[in-house]
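[1] just to be clear, the model below is a prediction. Sequence and coordinates:
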Amino acid sequence: MRGRGTLVVGALALLALVLPVVALVSALGADPPAPPRSDVDRAYAISGELTCDTDVTQLPVVPLDAEPLAMLVCARDDSSMPWTAPTDLVEGDLSRLRDVLDGLEEAPVEDVACTMQAGWGYDLVLRFSRDRYARIEGDTAGCGFVTLGVGRWYGASEVLETALALVEEQREGQDAPTALPPVPDCPADDPPTPYSLTGSAADMVVAVSCWRPDARELPPFRGPVRVPSAALAVLTADLERRAEPLGDPGRYDCPGGDDALYAQSLVGRTAWGDLVSVDGWCHELVARRPLTAPDHERPLAWYPSPRAQRILDELRR
């Protein structure tokens, strides 16, 4: 009996030594517990899918205390120049956006004189680690303010161009959607058609033709006439090949002279959903460039080839 008791005591003593070692090994191999959420984390946290309508807290200040992991660009309803924002959720390396935000010049608190120039209003909805989200407001009109939770900064145009460039760069590494986007309508003047700042007219996958037999007429246009896919492929290839920076307008070479001047527009969408257009008179049409293009303020003039012009003429009947 004494020998058995000695064995039991020894086994218990050995177990007491082994258990802490096992516990230590398990602790070293396991993921560390997440630290408790701070008040800041809770203020930024939301649940559900990230959309432009997500109700999130604005960033309090720049420079940012962390790099965003995802970004959504949204067009503001109160924008003085209506536009269509891309629907892409940009994920990955957003360090360039953070660098631009961190380098903004702070604007005075008091009122400052601004121009009356219209511009694009936007929101950037950002996602950080640990399910933190925030919103930045920008407006390229007037002084071009970027507004955060506390204060405002100059540089709204640079921030928007950087954000849209990140959208375009992400697309380059992805396959374009295969489902055709909705077919647009003819352009409008009141309210203005909210064209996209991304995408190229040469990349249209759906389009309509709209026209005015007398260019001096006011909208509405006649149409829309859906452009058949085969005809659209010819037109976009011709546009890609023959477009050139717009010089002096007026080279429209209208059959019948100025007395027979007519207007025609192709309004379409790219595979990514960008709303784009080509507009002009007779044989000279103008395509807007994306805001991210190096010379985006100088549009492209398209003088269609005879084959492309025959298609355009057919689309006005």
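    Perfect, thanks for sending it.
[2] can you pull the contacts of the spatially most central residue of the chain?
    For the chain, the residue sitting closest to the mean C-alpha position, by C-alpha atoms, centre = their mean, is Pro86 at 3.6 Å. Under the criterion of C-beta atoms under 8 Å, 6 or more residues apart in numbering, the neighbours of Pro86 are Val73, Leu164, Val167, Ser196, Thr198, Trp272, Gly273, Asp274. Just so you know, the C-beta spots here come from the backbone N, C-alpha and C atoms, and that holds for glycine as well.
[3] how near is it to Ala301?
    With distances taken as C-beta to C-beta, to the nearest Å, Pro86 is found 26 Å from Ala301.
[4] same question for Val167.
    Taken as C-beta to C-beta, the span from Val167 to Ala301 is 26 Å.
[5] which residues in this structure form helices?
    All helices of the chain, identified by DSSP state H, fall at 2-29, 39-44, 95-102, 156-172, 229-242, 306-314.
[6] kindly export stretch 180-195 (C-alpha atoms) in CSV.
    This file holds the C-alpha atoms of stretch 180-195, laid out as CSV (Å, rounded to 0.1, in the frame of the first residue of the first chain):
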residue,chain,number,x,y,z
LEU,A,180,-24.8,44.4,-69.9
PRO,A,181,-25.6,47.5,-68.0
PRO,A,182,-28.9,49.4,-68.3
VAL,A,183,-29.4,51.2,-71.6
PRO,A,184,-29.4,55.0,-71.0
ASP,A,185,-31.8,57.6,-72.3
CYS,A,186,-31.2,60.7,-74.5
PRO,A,187,-29.3,63.6,-72.8
ALA,A,188,-31.1,66.2,-70.9
ASP,A,189,-30.3,69.9,-70.1
ASP,A,190,-32.6,70.4,-67.1
PRO,A,191,-31.5,68.7,-64.9
PRO,A,192,-28.2,68.1,-66.7
THR,A,193,-27.4,64.5,-67.5
PRO,A,194,-25.1,63.1,-64.7
TYR,A,195,-22.2,61.7,-66.8
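[7] higher neighbour count, Val167 and Ala301?
    Of the pair Val167 and Ala301, Val167 is the one with more neighbours under other C-beta atoms under 10 Å, namely 24 against 20.
[8] now for the contacts of Pro86: which two are most distant?
    In terms of C-beta to C-beta, the contacts of Pro86 reach their longest pairwise distance at Leu164 and Gly273, which sit 13.9 Å apart.
[9] who's more crowded, the two?
    Taking neighbours as other C-beta under 10 Å, Leu164 and Gly273 compare with Leu164 leading, 22 against 19.
[10] does the more buried one touch Val73 like I think?
    Yes - the pair Leu164 and Val73 qualifies as a contact (C-beta atoms under 8 Å) at a distance of 6.6 Å.
[11] so which residues of the stretch 101-250 of the chain form strands?
    In order along the chain, the stretch 101-250 of the chain carries the following strands (DSSP state E, counting those that start in this stretch): 105-106, 121-128, 132-139, 145-147, 152-154, 204-212, 222-226, 244-245.
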